[in-house]
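Peer 1: 3D, please:
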Amino acid sequence: MLRVTCALAALLTLAAPAPPDVDAVAFATAFRAGQADQYKLKQIAGTGVSFHGTISERVADGSARRSLVVTLGAASDAGAIAPVKTWEAFVEAERARTTLVVALSGPDLPDVPAQPTALTFSGVYDGQVRTIMRAPQAGDAATADSGPCPGEQARPPDARASFYCAPLLTGATAAIVRQ
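Peer 2: Take a look at the predicted model:
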């Protein structure tokens, strides 16, 4: 009887629909507010623009894989999110410290040029973060940056670049949106 009950429970679990993906803007907004833990181990999906291009990251086994930073928009003080599609709008949002971004890490990310490139993406937030360097053109700002993520201090400590912390989506997939 116990076997039958366990088998039925397993079958119902497998047959249940997967929970819907979490919207990337809602997730990134929660991350900025310090409330991202509610999304741990959930699939995050969205669209955005890569201004940084492909980044090569070293994996623990010594190999390298692609990583991307995707800008979802610019957040206003009132909570509205404005799209950021051009380099000029990106630099303006970076100067104002309002860019809303996620970082992607995965084995099969596309090779993205270092120019505005629209993407759709999906990945899992498992609590990891990534330090992002602001565009050099956005260095002059009235508002200070939050600095690198904990444990990812700049080397050397007197580096003059501006850094901020972004959530990292692992096992990510992305596709370039053809326009």
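Peer 1: ok, now which ones touch the residue nearest the centre of the chain?
Peer 2: For the chain, residue 102 is the residue whose C-alpha lies nearest the centre (Cα atoms, centre = their mean; 1.4 Å). Contacts for residue 102 (Cβ atoms under 8 Å, 6 or more residues apart in numbering) come out as 24, 27-28, 44, 46, 48, 69-70, 72, 121, 123, 166-169. (C-beta placed from N, C-alpha, C; glycine too.)
Peer 1: of these, closest to residue 54?
Peer 2: residue 69 (9.9 Å; Cβ to Cβ).
Peer 1: check which helix or strand the closest one maps to.
Peer 2: Take DSSP states H and E as the rule and residue 69 turns out to sit in strand 64-75.
Peer 1: so what does the very next helix or strand once past that strand touch, helix or strand wise?
Peer 2: Counting by DSSP H and E, the next helix or strand C-terminal to strand 64-75 is strand 81-82. When contacts are defined as 3 or more Cβ pairs under 8 Å, 6 or more residues apart in numbering; DSSP states H and E, strand 81-82 packs onto strand 64-75.
Peer 1: phi, psi for the residue nearest to the centre of the chain please.
Peer 2: With angles defined as degrees, to the nearest 10, residue 102 sits at phi -130, psi 150.
Peer 1: give me the pLDDT value at it.
Peer 2: We have a pLDDT of 97 for residue 102.
Peer 1: what of residue 138?
Peer 2: 64.
Peer 1: repeat that for residue 20.
Peer 2: Looking at residue 20, the pLDDT reads 67.
Peer 1: which strands border the longest strand belonging to the chain, and is each parallel or antiparallel?
Peer 2: Longest strand of the chain, by residue count under DSSP state E: strand 117-133. Paired with strand 117-133 in the same sheet, following DSSP bridges, are strand 42-50 (antiparallel), strand 163-176 (antiparallel).
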